[in-house]
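Chemist: What follows is a protein structure lacking sequence information:
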């Protein structure tokens, strides 16, 4: 409390620039995340919650997909009703049984520009585009193998969605025209993770079971731009074709919000941070991170630079969610609360909140503890009174 | 001299939170270095581990070998340890070796000890001097390729002699690992000691054990000493170290495998 007052005073007197306080304070708050005492999410799913996404416009709706046989998708409304101290986030929409997917969902994503649309990819070999208000499928792209991951580009110049799965190639689907426009070939094994670079329109990153992470410029048809090497060129004696980003299958990728760093996680229980400008391994040691592989992929999340000065990373590890400081590798917190393995986690884009879904079919909310309002004057006075009080009444 | 030794143990003590064995053997200090040349935290950790290693139980001139992850249990910031290790390797103070114990694990040896071992095995021949002067000085990697050796002016016959002595071991067609001759005794006792310790913790009721109980027990068949192995399993994240009122408690991580 005292250091917050000090930061406020420094800002008031112009000793610190105005952006310092929210970021320093926000960053520290992530170390105090705990199971929310104020809100929780209504029970919806009957199987493992495998995918989560929070929309970036208002941060109000949480989209979740489960590993159900009917591939259930639900939307929760996260906003606090006026005047409520504790509340349950209600389910505002859920997909019907005969529509949508017939197997478990692997990834869901809101349309980056508004909440009118979202996409979902599933193990039933399809990628579906949904209309949120009608909650019906408006477009479906079919593939020959299960789709493990997809990513919609947030750019304004094109509306391509990249999808990757059991076929060892990446397919770019155009939502405008409804056709599959490109195929990117380069991986030798199933593609497990895909992410568009937030700062560049045409840059796509993919990770696959052949231990490689490849960068693609979708305008260039010939092949990948480059792949990442975990030893930074140090292990020269080994043949070039065996260059790998990890010693295990790459199952998750995440960019920082400015697109300058890429984080990858793999089944060799290591996290690696890559500098996207120099394409080198930044050699930050996060220790052994035993990721939980409930489904084949792992959803990680990094705080945006608006929220904290030192970005924090959330990774599902076994039955808990681990928070690491991105640039030092220090473990900041372990969030224990799930009864089963955690399959996905997502950080809220604006608030200091984390949502995680697991094989116990719950979606848990983790927030910072609320301010305890205390009137220090009356508390102090009552304490002194207690010391001097005795059992004799005043009338005698 | 006395002042130097107290400075050294002082810096070790500041970076080591625990465990410090009360019977730390005296560490030899290089008196030729300048007065301001104190070792960094990682190097101090390595010198502490060197004091733990029982050199007398192995061959003559066998170098003291430690695992890179053992230093993580002494200096707690892993990224700093990694960076300082790379700096030490580039300044030729230590060398890394792939020991074949597990794919990720790297062994660390002080360069002077390694050179003494190579000299003991190869003898003080011109080839030995050439190897140390050009190959060891020129290549700090764990392996070396044929092109690099030829570029350092080594002929096929000289390479064959070095491979015969066991200093280079075949890795791939045209590349070799740097190896320590006579490493098998160390690897055997290392894997045996590690599995002994992990099984002892596994067999306990809640899969955890107080560290002082482990150190106080008698361990038959553990050549390297129990404290060496404790640093190994803590640094490799196979156990979590929890502070309790009776000292540190080692709790087996849920997905640890005991090999």
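Modeler: Ah, there it is. Bear in mind the structure is a predicted one, so any value in this text is a computation, not a measurement. Numbers count the residues shown, from 1 in each chain, chains lettered A, B, ... in the order given.
Chemist: can you pull the contacts of residue A:274?
Modeler: Residues near residue A:274 by CB atoms under 8 Å, 6 or more residues apart in numbering or on different chains: A:213, A:228, A:245, A:261, A:262, A:263, A:264, A:280, A:281, A:282. C-betas here are computed from N, CA, C, even on glycine.
Chemist: now, which of those sits nearest residue B:98?
Modeler: residue A:281 (18.3 Å; CB to CB).
Chemist: Considering the contacts of residue A:274, which possesses the most neighbours?
Modeler: Counting neighbours by other CB atoms under 10 Å in any protein chain shown, residue A:213 leads the contacts of residue A:274 with 27 neighbours.
Chemist: Please tell me how far stretch B:197-205 is from the chain's geometric centre.
Modeler: Once both centres are worked out by CA atoms, centre = their mean, to the nearest Å, stretch B:197-205 turns out to sit 25 Å from its chain's centre.
Chemist: Wondering if stretch A:303-323 reaches chain B at all.
Modeler: Yes - counting by CB under 8 Å from any CB of the partner chain, chain B is contacted by stretch A:303-323 at residue A:318.
Chemist: for chain B, what spans make up the helices?
Modeler: For chain B, helices defined by DSSP state H occupy the ranges B:2-15, B:41-52, B:78-90, B:111-122, B:126-130, B:137-138, B:146-151, B:156-165, B:183-203, B:211-216, B:226-235.
Chemist: measure stretch A:159-168 end to end?
Modeler: The straight-line separation of the ends of stretch A:159-168 (CA to CA, to the nearest Å) is 23 Å.
Chemist: And stretch A:350-366, by the same measure?
Modeler: The first and last residues of stretch A:350-366 sit 14 Å apart, counting by CA to CA.
Chemist: quick one: buried residues of it?
Modeler: A:352-366 (16 or more other CB atoms under 10 Å in any protein chain shown).
Chemist: and these, which of them are in strands?
Modeler: The strands, defined by DSSP state E, take in A:353, A:354, A:355, A:356, A:357, A:358, A:363, A:364, A:365, A:366 from the buried residues of stretch A:350-366.
Chemist: Correct me if wrong: the last one contacts residue A:34.
Modeler: Think residue A:366. Yes - contact criterion CB atoms under 8 Å: residue A:366 and residue A:34 qualify, at 6.5 Å.
Chemist: Give me the common contacts of the two.
Modeler: residue A:335.
Chemist: show me the contacts for residue A:33.
Modeler: Contacts of residue A:33 (CB under 8 Å, 6+ apart): A:323, A:333, A:335, A:352, A:354, A:366, A:367, A:368.
Chemist: make it 10 Å
Modeler: Neighbour list for residue A:33: A:312, A:314, A:321, A:323, A:332-333, A:335, A:347, A:352-354, A:365-369 [criterion: CB atoms under 10 Å, 6 or more residues apart in numbering or on different chains].
Chemist: what about stretch A:129-143, distance to the chain center?
Modeler: That offset, for stretch A:129-143, works out to 23 Å (CA atoms, centre = their mean).
Chemist: and what of stretch A:277-293?
Modeler: 16 Å.
Chemist: Quick one: end-to-end length of that stretch, please.
Modeler: Span of stretch A:277-293 from end to end, CA to CA: 30 Å.
Chemist: List the buried residues in it.
Modeler: Here stretch A:277-293 shows A:279, A:281, A:282, A:284, A:285, A:286, A:287, A:288, A:289, A:290, A:291, A:292 as buried, counting by 16+ other CB under 10 Å.
Chemist: Next: stretch A:324-334.
Modeler: Neighbour count says stretch A:324-334 has A:324, A:325, A:326, A:329, A:330, A:332, A:333 buried, by 16+ other CB under 10 Å.
Chemist: and of those, the nearest to chain B?
Modeler: Comparing the buried residues of stretch A:324-334 against chain B with CB to the nearest CB places residue A:329 closest, at 4.7 Å.
Chemist: any idea how far the closest one is from residue A:272?
Modeler: 11 Å (CB to CB, to the nearest Å).
Chemist: Common neighbours of these two, please.
Modeler: Going by CB under 10 Å, 6+ apart, residues that sit against residue A:329 and also against residue A:272 are A:282, A:283, A:284, A:285, A:286.
Chemist: what's around the closest residue to the fourth one other than its chain neighbours, how many residues?
Modeler: Read it as residue A:285. Spatially, and ignoring its direct neighbours in sequence, residue A:285 is nearest to residue B:78 (3.7 Å; CB to CB, 6 or more residues apart in numbering or on different chains). Using other CB under 10 Å, residue B:78 has 20 neighbouring residues.
Chemist: Hmm, residue B:78 is touching residue A:289, no?
Modeler: No - under the criterion of CB atoms under 10 Å, residue B:78 makes no contact with residue A:289, lying 11.7 Å away.
Chemist: related to what we said a few turns ago, give me the subset of the buried residues of stretch A:277-293 that lies in strands.
Modeler: The strands, defined by DSSP E, take in residue A:281 from the buried residues of stretch A:277-293.
Chemist: centroid residue for chain B?
Modeler: residue B:66 (1.4 Å; CA atoms, centre = their mean).
Chemist: who touches that one in this structure?
Modeler: Contacts of residue B:66 by CB under 10 Å, 6+ apart are B:45-46, B:48-50, B:52-53, B:94, B:107-110, B:224, B:228, B:231-232, B:235.
Chemist: ok, now with 7 Å
Modeler: Neighbouring residues of residue B:66 by CB atoms under 7 Å, 6 or more residues apart in numbering or on different chains: B:46, B:49, B:53, B:108.
Chemist: Residue B:233 now?
Modeler: Residue B:233 makes contact with B:194, B:197, B:198, B:239, according to CB under 7 Å, 6+ apart.
Chemist: what's the spacing between the third one and residue B:209?
Modeler: Distance of residue B:198 to residue B:209, computed by CB to CB: 11 Å.
Chemist: burial measure for residue A:19, as a count.
Modeler: That count, for residue A:19 with other CB under 10 Å as the rule, works out to 11.
Chemist: Retrieve the pLDDT associated with it.
Modeler: You'll see residue A:19 listed with a pLDDT of 81.
Chemist: can you check residue A:12 too?
Modeler: So residue A:12 comes in at 90 (pLDDT).
Chemist: ditto for the one 4 residues further on
Modeler: Among the per-residue scores, residue A:16 shows a pLDDT of 87.
Chemist: Is it correct that it falls within a strand?
Modeler: No - with DSSP: H, G, I helix; E, B strand; the rest coil as the criterion, residue A:16 is located in coil rather than a strand.
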